[in-house]
Structure formats: structure tokens, C-alpha cells
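Enquirer: Fold the following for me, if possible:
(3 chains)
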Amino acid sequence: MSATPTTPGTAPAGPDMHSWTVKVREAGVEALPPEKLLPDGQPTYVASWIYMFGVASIASLIVIITSGSILALKGPAWWHDTSIGHFFNSIHMWGVELFFFVMVVHLWGKYWMAAWRGGRTRVWITGAIIFLVAVPTALTGYVSQQNFDAQWIATQAKDGLNSVGVGAFFNVTNFGQMYSWHILLLPVAVVLLVSAHVLLVRTHGVVPPFELEKRPEFAAAADGAPAPDGAAGAEGQS
Amino acid sequence: MSRFSRMIHPKDDTQQWKGRYYPYDLVKELFIAIGVITLLALLLTILFSSPDDKPSTIAQWSQQKAVDFTTAAVKELDGTSPTAEYGPPYNHNGSGQEAWIIKPQKWLGVSHPINTEQDFVVGPLETIPNDPALTAALAQYKAAPEKQKKEWAEAYAKPLEETATAEEEKKTPPNTVSESNGTVVVKTSANAGPVPLMMASLLALAKSGGVDGSLLTSKQFFQTDYTKPLLFMADGGLLSERAEQQHLLGDQWGMMNETGSYPGQAWLWLYALWYQVEPFKASENADILVMMIMGVLSIAFICIPFIPVVNRIPRWIPIYKLIWKEHYRETGSA
Amino acid sequence: MGHIGAAVLGAVFNLNHPAHTVDWHFIHLSVANVVVIGLMFVAFFAALLLPFPGASRRRGGDS
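Expert: I've put the predicted structure just below:
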């Protein structure tokens, strides 16, 4: 036993820089120290309801996954056989409608902010991919309903997918395959992408406003003199 | 930033924010959002519930539309049904859709083989026990050369197709097809061999639910793949008749819609739109062409930060002045 | 479940009838979808125009 006190969880002789564990930990903490991962403040320009639609998208996803998990607990026939099952199916369906609603409004807001600026292209890219993965996630759900809607959507969608060769390995009329993709593979993909997206937002912060010409009295303040309204300090040009 | 990065990234002098921060509780915001969305989902559920139209079965199809069923069945037998002529991934009887030299449907090959003659007709008929007349008919059919099989099936199919075409064009159908005592009677002008007995037996089997079961369990007891019964039903008119009533057909923008009066998939608006306009509307290759356009647009959507003009529009049309109005007011920006 | 539970489980409005459509030239959209899309525009512009709470904290707050 070492005579010198050690931090629980760390090797006694100090961190070994060849250790993969140490490398991953140091990289993670450098990219996202706790205050950056979960900041308790936001820039003063975060002052619009449009900023709520990102977290609303996450909230909708939570409702979808929770109601979906309850449906999965009881199996795919449950919602046809019982009122309570149908109730949770309804929550799942409306959760999906709300998800696409708030996600697209979030997308509109981010486009009109040109939120990819300042090194945030990966935030935009992950966000766009989330939308594009959410669409087949919904499709696999629709064809897993085991009702007339599922029959029709499957027999129609197969033509589009077959035409580009995807139907050769992704068969929308195969319930077992579609149900597996819907309750496991695609939700995992969406959650991983959303996590990457949110961590990238935390890394770069919320995109600052476009810069405009300052009024003369405020332009003087940029030199360091107190501004008329105690306005913010020097900001870059966009 | 590397030289490559500088090349593809738009000119961007956005600086890191050096201004003020204010207290903002992200975790509380998340919980509030979960509460609001949950309440909205509950409210919508209580107000509207969700649709659940019962699926069609082959039994229902054969009972409600016996002539339509028989027409589809004989076309499966003679290889002229949509599934029979589909091509990959079901069979090699067609080359599938293509866009110039791009033929992915053909390239990816047959991954879910379906022989409509055997799988939809002869196979189910072979499961019927204790029917010497049917057994003899099947033996006669299977022993005949291909050319003879086709002639028999086409003789039986011709009056049925003429009747179907007349109904589609809203003309008076010829008097060659009728229903009597739950059977379909077809007056053929040429010898149809064992085909009429086979078709009558298949209709009776279908009405009893036997074809539903037979198509599903043809490989083994446990199955989760409904491809065969779905493709067979889709070759007939029952599913499309129900779909038309529910505004789910392609020219009704059906892929955006849900059954009943529920909201559907509004996010598929652009995908649905292409099918309504030429040249896609009348094209045999509509699916691959639309998929390719949507593929290009999806990649463009991901790459918006790099696309000239598109990545500058938010600067030119100042919706951002509404978003950041408080910031501009407080910092004295004009 | 009691009768209150049963009332919650049944829908107040029955939407299980063929949809009405909004038709314009080659565009045929269900009323439900038009309502959803319309509400999205309403939500977007409301979000841009409505004041966001906390203005005094933003004016007086420290970094």
C-alpha cells in the first residue's frame, strides 16, 4: 500500500499517458469540462422562444421512446386487443406528430440563424442526418402496425425501395425485420445522433447573432468606455 | 483550419461570444419541456385517439370480390401479374426500373424469390386433401409442357381481363364472367384444360382462410414475413379500393396521409409532390427517378453550410433580426 | 379501470371517417395535414415575435 494518499480510481504513480483510459478521459474532459457540459448560464442573446424547439424535440423523443417501450413490453398485438394498449399507441402516434412538428420548426429557426457559422458545421450536419434517419424510423413504425395502414404502406413503399436496390436487403413487407429495425436499431441510431448533436452544441455554444453596424454612441463603447446601456463588450464582425 | 477546410467553408468571421451570460437552468428547461410535450400528447390522445383500421385478409378478398380474386389468381398462374413480372428482388421476369445506365434494382438481384405460379396457386392447392378431381387436375397441369400451361391459363384469363378492363373504363362488360352460388363462372372461347377446376378450388380454399395460412406457413410453422400474402393481395383490387376510400392512393398524395381524418406524414410533402408532376407522373421509372432526386436533395440539405447562395440567404432575408431583436436593441445595433 | 379511466381511454372526437381534402390544381392535401402545416407556421412566427421571459435578468446579469 502506498504511503501517499491517492485519488480513488487513479493509478498510484500518476496517470500513465500510454493508457487508453487516461487518453479518453483527458480528451473528454478537455473538450467538455463539467462547466461546459452543463453550463448554468447562456449568452444574453439567447432570448427568443425559437430556442425552445431543440429541447422540445428532445422532450418529444423521450415521450416517443417511453410510450414505445411500454408498447414493446406488451408486444405488437397488445394495442389492437385492449383499450389501455390503444391508449399508449395513441400517445406514441401523437408523440411522433409532435416530434416532427417541433423538429422542423427547430430546423427553420436554425437555418434562418445560419447556425452552422463559427465552426458549427458538424452541428448542422448531425441535425440534418437526424431528420433523414427519423423518416425511415417512422416508416418502419408505420409498417409494423399490423393493420390496413401497414398493409397499404408496405405494398406501396416496397416499389420505391426496390427501385433503388434497397429492397433487396430491407424488406418492408417482412414484419419481423421491420419491427426489429423500428424498436431497436433505428432508435439507437437516433439517440446516438442526438447525443452527438447536443454534445457538439455544448462544445461550440449556441451560435452568436449576425453582427450589424453599431450606432455611434455604442461604437464608442467598443473602445472600452462604458456604453450607454451597459451593453456587451467587444464582439467580432460576421 | 486546413487549406481544404478553408476552400469548402464559406467566409465566416463569426467570433466567439465575449459578452455577458445570464443564469439559465438547462435541466429545469428539459423537465419543463418534457412536461409540456407529455401534456400535449395526452391531450391529443384524449381528444382524438389513433386510427386502427383492421387489415384485409385473402379470405375477405375472395369473399367480397370473387371475380377480382380469380382474375388475379389466374394471372399469377400464367405469369402476367404485377408480382410475376416484377423482376428483382422477387424474380428474373423483369429488369426493374432504371435511370439511364443506373439499374440498382437489377444489380442487387433476387433476394426474396417468389414463383407466383407455384407459390400462389399450385402450392396452396397441393395442401388440399381428399379431392381426387383436384389431384388429377394438378397432375395434368404439372405434366403439361410450358406452352400448353400458358395456353390453358390465357384461355381462362382472357374473359376475366376483358371484364376487368370494361369495368375500369366504365363500359358494359361482355357476358362471359358471372358469379353463381359462391363460384365464378367463366365462359372461355378456347380450351382451358384443368385451369377452371384449379381456380375454383383456389377460390374455395381462399374463402375458408386456407390461402392466408398456406402462404404464411409455406416454409415452416413460425413466420414473421408477410411478403407472399401481401404481394398476392396487392395484385388484386381490394387493398387499392380501400386505399382510395381513405385517400391513400399516389395521385391523392396518399403517402402523406393517414387513414380516417387523422394527420399523417406531412414531412413527406416533397417526396409526394414529384409523383404529381411530369415527367414522373406517367413514367414507368417514376420511383427510381424520384428517389434519386430526393437523394440529391437530402445530400444538399446536409451540405447547406457549403452551398453558395443558399448559405447566404439567412443573411439577406433578415428573419434573424426578429430572433435577436433584444440583443440588437441592447447593443445599439442598427 | 373505473369509468373515469374508460372515459379517458375513449376519444372525445371520432376522426375515423374519410378525410376532407384541400384541393388546388394538382395539390390535394388532407385537412388534418393542412392544419398541422398551418400550425407549424403559426408556431414559428409566434416564437419569433413573442417576448421571451427573463429580460431583466439578461440586462442586469453578470458573466
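Enquirer: Quick check: longest helix in chain C by residues?
Expert: helix C:31-49 (DSSP state H).
Enquirer: who does that helix touch, helix- and strand-wise?
Expert: Secondary-structure packing of helix C:31-49 (3 or more Cβ pairs under 8 Å, 6 or more residues apart in numbering or on different chains; DSSP states H and E): helix A:83-112, helix B:320-323, strand C:21-24. (Glycine included, C-beta is placed from N, CA and C.)
Enquirer: all strands of the stretch 101-250 of chain B, in order?
Expert: B:177-180, B:183-186 (DSSP state E, counting those that start in this stretch).
Enquirer: Dead centre of chain C: give me the residue that sits there.
Expert: Chain C has C:L39 as the residue nearest its centroid, 5.1 Å off, counting by Cα atoms, centre = their mean.
Enquirer: show me what contacts the closest residue to that one other than its chain neighbours?
Expert: Nearest non-adjacent residue to C:L39, counting by Cβ to Cβ, 6 or more residues apart in numbering or on different chains: A:F101, 7.4 Å away. The contact partners of A:F101, taken as Cβ atoms under 8 Å, 6 or more residues apart in numbering or on different chains, are C:V36, C:L39, C:M40, C:A43.
Enquirer: what's the spacing between the third one and B:T57?
Expert: Read that as C:M40. For C:M40, the distance to B:T57 equals 38 Å [Cβ to Cβ, to the nearest Å].
Enquirer: Over to the second one?
Expert: As judged by Cβ to Cβ, C:L39 and B:T57 stand 38 Å apart.
Enquirer: Surely B:W267 touches A:V135?
Expert: Yes. Using Cβ atoms under 8 Å, B:W267 makes contact with A:V135 at a distance of 6.6 Å.
Enquirer: Neighbour count: those two, which is higher?
Expert: More neighbours surround B:W267 than the other of B:W267 and A:V135, with 18 against 15 (other Cβ atoms under 10 Å in any protein chain shown).
Enquirer: what sits against the residue nearest to that one when sequence neighbours are not counted?
Expert: Leaving out its chain neighbours, the residue that sits closest to B:W267 by Cβ to Cβ, 6+ apart is A:F100, at 5.2 Å. Listed by Cβ under 8 Å, 6+ apart, the contact set of A:F100 reads A:A134, A:A138, B:Q265, B:A266, B:W267.
Enquirer: Repeat the analysis, applying 10 Å as the threshold.
Expert: Neighbouring residues of A:F100 by Cβ atoms under 10 Å, 6 or more residues apart in numbering or on different chains: A:S57, A:S60, A:F131, A:A134, A:V135, A:A138, B:P263, B:Q265, B:A266, B:W267, C:V36, C:M40.
Enquirer: With pLDDT and secondary structure as added columns, please give these in JSON lines.
Expert: As requested, those are arranged in JSON lines below (pLDDT from 0 to 100; DSSP: H, G, I helix; E, B strand; the rest coil):
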{"residue": "A:S57", "pLDDT": "98", "secondary structure": "helix"}
{"residue": "A:S60", "pLDDT": "98", "secondary structure": "helix"}
{"residue": "A:F131", "pLDDT": "98", "secondary structure": "helix"}
{"residue": "A:A134", "pLDDT": "98", "secondary structure": "helix"}
{"residue": "A:V135", "pLDDT": "98", "secondary structure": "helix"}
{"residue": "A:A138", "pLDDT": "98", "secondary structure": "helix"}
{"residue": "B:P263", "pLDDT": "97", "secondary structure": "coil"}
{"residue": "B:Q265", "pLDDT": "97", "secondary structure": "coil"}
{"residue": "B:A266", "pLDDT": "97", "secondary structure": "helix"}
{"residue": "B:W267", "pLDDT": "96", "secondary structure": "helix"}
{"residue": "C:V36", "pLDDT": "97", "secondary structure": "helix"}
{"residue": "C:M40", "pLDDT": "98", "secondary structure": "helix"}
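Enquirer: Thanks again, I'm all set now.
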